[in-house]
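Visitor: structure for this input, please:
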Amino acid sequence: QQKKNWIHLAGCDWSQLLQFQPRFADKCDWSKLDGEDWAMLLRRQPRFAEKCDWMKLDGHHWMLLLRTCPEFADKCDWDKLDGGDWINLIAARPEFIDRCDWSKFGARDIVRIVRQCGKIGVPMAALHLDECDFSQLTASDWSHILVLRPDLVDKFESIERDWSKDDDQDDIEQILQDSP
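Guide: Down below sits the predicted model:
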């Protein structure tokens, strides 16, 4: 009967239990843990790494894990991280900035990284701004950037695009938000 009771624990239950009571590991059904369960568990108990199915971790899970346990970097599938994951990771672990795929940064990510460049942990990101695709930024995005980085005015002025499409899209989005 005792063995049967353990099967009712979900992956999140196992993750939480083993974080604080690793002595129950021999009873765990490791296949129940998903990426978030693994990230949370390994942050506290890296000793269970050999049990981990690394394929279950997505970019967000990798970011959470590597912020605390950079020793798992050799296991990371870097392609899974998106712009937001990268920003959060390099803010805590600037040593990973050279691995960053700047092409994954969307307009909001670019505005966010520009805004954070002056903060602790991210100033090195300013050196990589040229690797971002600024052509995807709207005029409104640029206004937020130029407030903080007026030195990027030449980049803004060099962009050739039909800015009215941005205005139309903003109008459409506003209409959709206002409709019942």
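Visitor: what does stretch 93-110 rub up against?
Guide: The contact list for stretch 93-110 (CB atoms under 8 Å, 6 or more residues apart in numbering) reads 66-67, 70, 73, 78-79, 81-84, 86-87, 89-90, 113, 121-122, 124-125, 128, 131-134, 136-138, 141, 145. From N, CA and C alone the C-beta is placed, and that goes for glycine too.
Visitor: and for stretch 29-36?
Guide: 6-7, 9-12, 14-15, 41, 51-53, 56-58, 61, 64.
Visitor: buried subset of these as a PyMOL selection?
Guide: Selection of buried members from the contacts of stretch 29-36 for PyMOL, criterion 16 or more other CB atoms under 10 Å:
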select buried, resi 9+11+14+15+41+52+56+57+58+61+64
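Visitor: out of the contacts of stretch 29-36, list just those in helices.
Guide: The members of the contacts of stretch 29-36 that map onto helices under DSSP state H are 6, 11, 12, 14, 15, 41, 61, 64.
Visitor: my guess is the fifth one contacts residue 44. True?
Guide: By that I understand residue 15. No. At 9.2 Å, residue 15 and residue 44 do not qualify as touching, with contact defined as CB atoms under 8 Å.
Visitor: give me the neighbour count for residue 25.
Guide: By the measure other CB atoms under 10 Å, the count of residues near residue 25 is 15.
Visitor: change the start of the numbering to 397 and stick with it
Guide: Okay, using 397 as the starting number, the last item reads as residue 421.
Visitor: please report how far it lies from residue 413.
Guide: Applying CB to CB, to the nearest Å, the value for residue 421 to residue 413 is 9 Å.
Visitor: the helices in the protein, which residues?
Guide: Using DSSP H, the helices of the chain run over 398-402, 407-416, 431-440, 455-464, 479-488, 503-512, 535-544, 549-554, 560-574.
Visitor: CSV for those, including mean pLDDT and distance to residue 497?
Guide: Shown next, in CSV, are those (pLDDT from 0 to 100; distance: least, CB to CB, whole Å):
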stretch, mean pLDDT, distance to residue 497
helix 398-402, 80, 41
helix 407-416, 98, 29
helix 431-440, 98, 19
helix 455-464, 97, 11
helix 479-488, 91, 7
helix 503-512, 85, 11
helix 535-544, 88, 20
helix 549-554, 88, 20
helix 560-574, 54, 25
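Visitor: export the ones you listed to TSV and tack on distance to residue 495?
Guide: Shown next, in TSV, are those (distance: least, CB to CB, whole Å):
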stretch	distance to residue 495
helix 398-402	39
helix 407-416	27
helix 431-440	18
helix 455-464	10
helix 479-488	9
helix 503-512	15
helix 535-544	24
helix 549-554	25
helix 560-574	32
